[in-house]
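Engineer: could you look at this predicted model? Sequence included:
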2 protein chains.
Amino acid sequence: MTETTPARRGGRKLPTAEELRIWRDFIETTAALSSRLESRLQSDSALSTGDYAVLLALSEAPDQAMRSSALAAHIGWERSRLSHHLGRMERRGLIRRQECATVPRGAEVLLTAAGVEAFGNATFPHLRAIRELFVDALTPEQIVAAGEIAAALRARLDAPGEG
Amino acid sequence: MTETTPARRGGRKLPTAEELRIWRDFIETTAALSSRLESRLQSDSALSTGDYAVLLALSEAPDQAMRSSALAAHIGWERSRLSHHLGRMERRGLIRRQECATVPRGAEVLLTAAGVEAFGNATFPHLRAIRELFVDALTPEQIVAAGEIAAALRARLDAPGEG
DNA sequence: ACCTACCGGTTGACGTGTCAATGATGCTAA
DNA sequence: TTAGCATCATTGACACGTCAACCGGTAGGT
């Protein structure tokens, strides 16, 4: 940065004005990017990114079916979130739920034909949007840097004691 | 130079597996970062980042008051979003709304004493959290790179024809 | 056998966001 | 004057997310 960080890092309590500006740019731009991707997916395919994540996981599963808890773990969602979302997706006919024969109290989530088709139609435009809005917007070096930044931020997020 | 013809721009249509991996890391990590900041702010100050944005704007405004539409423009929100949010903040006593004398049909948004206090209590922990989770997680070079990445992504988002 | 504790999943309440429709009020043009 | 029309703000319907409570059932310890 500029001359604003002469002292050792640990001493300073608050971000400098320049750090804060970058922070805001960064967090607001990534949020806008997510939001743009979301609306692209919506208008291209009438799916949300949540729908897409669920359909992707089920598409890759054997028999295009998964237990609810396994699905939640796979896409990193809370169970209640998934339950709410599956309810909405079921209303729209994208998935189906049925009692699981093998596991008592377990719910099996199944892809319907409509779900398969919706996912098939969504994939290509979605990947193209990712390329246009992310990959093509950055230089190859910036893409690598983005990966490293994500890894560094993730490490901090996962660090113990960082509530 | 904005050559958006699909055929012309690089032959490749879709991101590579590695690009996709970085994309997912990047977008999920930034979302997790936002979410962590949000919950830190919530537990430190019982405010959401939306509350914080509104309180910040009002704090910096002359007389700690703004017209609703000016406030919406300032923080980049749709008016309906702001209206809903102000309703909730008003219920909690953080702000007050009153008819604007100068502009017909205009609503003036005022900071209450409770709002001033809540913002005052929130600021320091919030900035500290930004430093811990973002600034301190990255090297100075990575912070610069993050700013450049944000600028490049923003430029693409703002580019015409990129729906 | 009984009590308890967990496990898998659902539900309800509520905050948050978008979209479309609705007042309310001035401005402008026939 | 009046018929539109833009502007400012609100409202309602709905999608989405979290949190906490709940419920049915299985497993463990006594």
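Structural biologist: In hand now; what should we look at?
Engineer: can you name the residue of chain A nearest DNA strand D?
Structural biologist: For chain A, the residue closest to DNA strand D is A:S48, as judged by Cβ to the nearest atom of the strand, at 3.0 Å. C-beta coordinates here come from the backbone N, C-alpha and C atoms, glycine included.
Engineer: that residue against A:E38, yeah?
Structural biologist: Yes. If you go by Cβ atoms under 8 Å, A:S48 and A:E38 touch, sitting 6.6 Å apart.
Engineer: phi first, then psi, for the residue in chain A that DNA strand C sits nearest to.
Structural biologist: The minimum distance from chain A to DNA strand C, using Cβ to the nearest atom of the strand, falls at A:S69 (2.6 Å). Here is the backbone geometry of A:S69 (degrees, to the nearest 10): phi -70, psi -40.
Engineer: isn't it right next to A:R79, touching?
Structural biologist: Yes. A:S69 is in contact with A:R79 according to Cβ under 8 Å; the separation is 6.5 Å.
Engineer: output the lowest mean pLDDT helix or strand found in chain A.
Structural biologist: When the helices and strands of chain A are scored by mean pLDDT, DSSP states H and E, strand A:95-99 comes last with a mean of 93.
Engineer: parallel or antiparallel, which strands does that strand pair with?
Structural biologist: strand A:107-111 (antiparallel) (DSSP bridges).
Engineer: wait, does the partner strand contact DNA strand C?
Structural biologist: Yes. Strand A:107-111 reaches DNA strand C (Cβ under 7 Å from any atom of the strand) through A:A107.
Engineer: name the residues of that strand that are buried.
Structural biologist: A:A107, A:E108, A:V109, A:L111 (16 or more other Cβ atoms under 10 Å in any protein chain shown).
Engineer: repeat for stretch A:24-43
Structural biologist: A:25-27, A:29-30, A:32-34, A:36-38, A:40-41.
Engineer: run through who's touching it.
Structural biologist: Here stretch A:24-43 makes contact (Cβ atoms under 8 Å, 6 or more residues apart in numbering or on different chains) with A:47-49, A:52, A:122, A:125-126, A:129-130, A:133-134, B:26-27, B:30-31, B:33-34, B:37, B:76, B:134, B:146-147, B:149-151, B:153-154, B:157, B:163.
Engineer: of those, which belong to helices?
Structural biologist: A:49, A:52, A:122, A:125-126, A:129-130, B:26-27, B:30-31, B:33-34, B:37, B:146-147, B:149-151, B:153-154, B:157 (DSSP state H).
Engineer: quick one: low-confidence parts of chain A?
Structural biologist: A:1-12, A:101-104, A:161-163 (pLDDT under 70).
Engineer: return the residues of it in contact with DNA strand D.
Structural biologist: A:S48, A:G50, A:D51, A:W77, A:E78, A:S80, A:R81, A:H84, A:H85, A:R88, A:P104, A:R105.
Engineer: can we see that at 6 Å?
Structural biologist: A:S48, A:G50, A:E78, A:S80, A:R81, A:H84, A:H85, A:R88, A:P104, A:R105 (Cβ under 6 Å from any atom of the strand).
Engineer: top of the residues you listed by number of neighbours, please.
Structural biologist: Of all these, A:H85 has the most neighbours under the rule other Cβ atoms under 10 Å in any protein chain shown, reaching 19 neighbours.
Engineer: so who does that residue touch?
Structural biologist: A:G50, A:D51, A:V54, A:W77.
Engineer: which of the three states applies to the closest residue to A:L127 other than its chain neighbours?
Structural biologist: Once flanking residues are discounted, A:L127 sits nearest to B:L14: 4.7 Å by Cβ to Cβ, 6 or more residues apart in numbering or on different chains. Secondary structure for B:L14, judged by DSSP: H, G, I helix; E, B strand; the rest coil, is coil.
Engineer: state the distance from B:L14 to A:E132.
Structural biologist: Computed as Cβ to Cβ, to the nearest Å, the B:L14 to A:E132 distance reads 11 Å.
Engineer: compare the two (neighbour count), which wins?
Structural biologist: A:E132 (21 against 15).
Engineer: separation between that one and A:L37?
Structural biologist: Distance of A:E132 to A:L37, computed by Cβ to Cβ: 10 Å.
Engineer: now do stretch A:94-101: distance to the chain's middle.
Structural biologist: What separates the centre of stretch A:94-101 from the centre of its chain is 24 Å, taken as Cα atoms, centre = their mean, to the nearest Å.
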